[in-house]
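J.: Quick one: sequence plus predicted model below, questions after.
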Amino acid sequence: MGRMGSAILRLASQNKKAFAPTLAIESARHAGVGRNVGEVNPELIGLSRMILKTADHADWKGLDVLIDFTAPSATVEHAKLCARNGVAMVIGTTGCKKEEIARIRAAAARVPIVMASN
């Protein structure tokens, strides 16, 4: 897991009244896929029941919002999955090209998406 994803999960686990993380997504190439997030990152030991999954193997039911700080190609794929599953999205991914932004905007026609990148 990257720095931002780990930071978001750590902060979320400290303030369960604000929101409760239920899903952590990573690339299929990541060595931690299929393991508890607390095993992958010891700072997240309090989230030991959460299994790191790939987007295509994730359970999207019951999610309110996906917070995405990944690579542009992954963000586009996640936006499509969010649109398909009725999940709002907050995007902090940087480096998206015009065609990727257009695909994210297409998903935003179906679900709320906030994108704030530099």
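T.: That came through fine. Keep in mind it's a predicted model, so treat the numbers as computed, not measured.

J.: Going by residue numbers, what spans are helices in the chain?
T.: Counting by DSSP state H, the segments of the chain that form helices are 3-14, 37-40, 72-85, 98-108.

J.: Would you quantify the distance from residue 114 to residue 66?
T.: 11 Å (CB to CB, to the nearest Å). For every residue, glycine as well, the C-beta is placed using N, CA and C.

J.: quick one: which of those two has more around it?
T.: residue 66 (23 against 12; other CB atoms under 10 Å).

J.: leaving aside the residues next to it on the chain, what's closest to the more buried one?
T.: residue 89 (5.0 Å; CB to CB, 6 or more residues apart in numbering).

J.: Surely the one you found is in contact with residue 68?
T.: Yes - if you go by CB atoms under 8 Å, residue 89 and residue 68 touch, sitting 6.2 Å apart.

J.: For these two, list the residues in contact with both.
T.: 78-79 (CB atoms under 8 Å, 6 or more residues apart in numbering).

J.: Pretty sure residue 4 sits against residue 92.
T.: Yes - counting by CB under 8 Å, residue 4 touches residue 92, with 6.6 Å between them.

J.: Could you name every residue contacting both of the two?
T.: residue 69.

J.: picking up where we left off before, please name whichever of the helices of the chain is nearest to residue 28.
T.: Each of the helices of the chain has some distance to residue 28 by CB to CB; the shortest is helix 72-85, at 10.5 Å.

J.: Leaving out chain neighbours, which residue sits closest to residue 46?
T.: In space, residue 46 is closest to residue 13, 4.8 Å off (CB to CB, 6+ apart).
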